[in-house]
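A.B. asks: have a look at this prediction, sequence included:
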Amino acid sequence: MNKAELLDKIQASWDEINEFLASLSTSQKTQPTDAAGWTVKDHVIHMAAWEDGLTAMLDKQMRREHMGIDEATWKNGDDAINAMMQQRYQNLTWDEVERKRHEVHNHVLKQIDGLSDESLQLPYHEYNPNSPSTRHLDSLIGGSTYYHYDEHLPWMAAIAAGRES
């Protein structure tokens, strides 16, 4: 995928998330929970935290360290990491979450804008020499942006509507 296509996908999903969030009241974003105890706000800060990890990766920094995740939790996988992040950020206000989400998103867009189409096809280990992953950068960016937004949207909609997700 080239940079223009990647940015278009990110923008389309970002617009969809923003439209959805704008349709909710603050109480819908912060009060109802799913069976795991997550609010819409928890999902939003979760997506922002992972996108912030992407900013570190694009700067060739260690995502885990940038995200403030200890090595044992990181090795335990996504469920452990996500639980830690939910606990860490649960006391943020909706306004604080929104500020963070927009700051991180704008930062990652600037980083992507500075990439070439060729660099988007580089394997992950070019950005993290400790990783054996050969997954291309465009795929990793998608996983922390448009794919992640699309994944969480139905869960957030179910929470806001008072349904189990």
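C.D. replies: Happy to help now that I have it.
A.B. asks: can you map out the helices along this protein?
C.D. replies: Assignment of helices within the chain using DSSP state H yields the ranges 3-22, 26-30, 40-58, 63-67, 71-75, 78-89, 94-113, 137-144, 146-160.
A.B. asks: can you tell me, leaving aside adjacent residues, what's nearest to F20?
C.D. replies: Leaving aside its sequence neighbours, F20 sits nearest to L153 (CB to CB, 6 or more residues apart in numbering; 6.2 Å). From N, CA and C alone the C-beta is placed, and that goes for glycine too.
A.B. asks: residues contacting that neighbour?
C.D. replies: 16-17, 20 (CB atoms under 8 Å, 6 or more residues apart in numbering).
A.B. asks: same deal with H136?
C.D. replies: 120-124.
A.B. asks: give me the number of residues near the nearest residue to N2 once chain neighbours are set aside?
C.D. replies: The spatially closest residue to N2, leaving aside those adjacent along the chain, is D117, at 4.5 Å (CB to CB, 6+ apart). Counted with other CB atoms under 10 Å, residues neighbouring D117 total 13.
A.B. asks: again, but for K41
C.D. replies: K41 has 24 nearby residues by other CB under 10 Å.
A.B. asks: quick check: it vs L92, distance?
C.D. replies: Taking CB to CB, to the nearest Å as the measure, K41 falls 8 Å from L92.
A.B. asks: what's the answer for M62, then?
C.D. replies: 24 Å.
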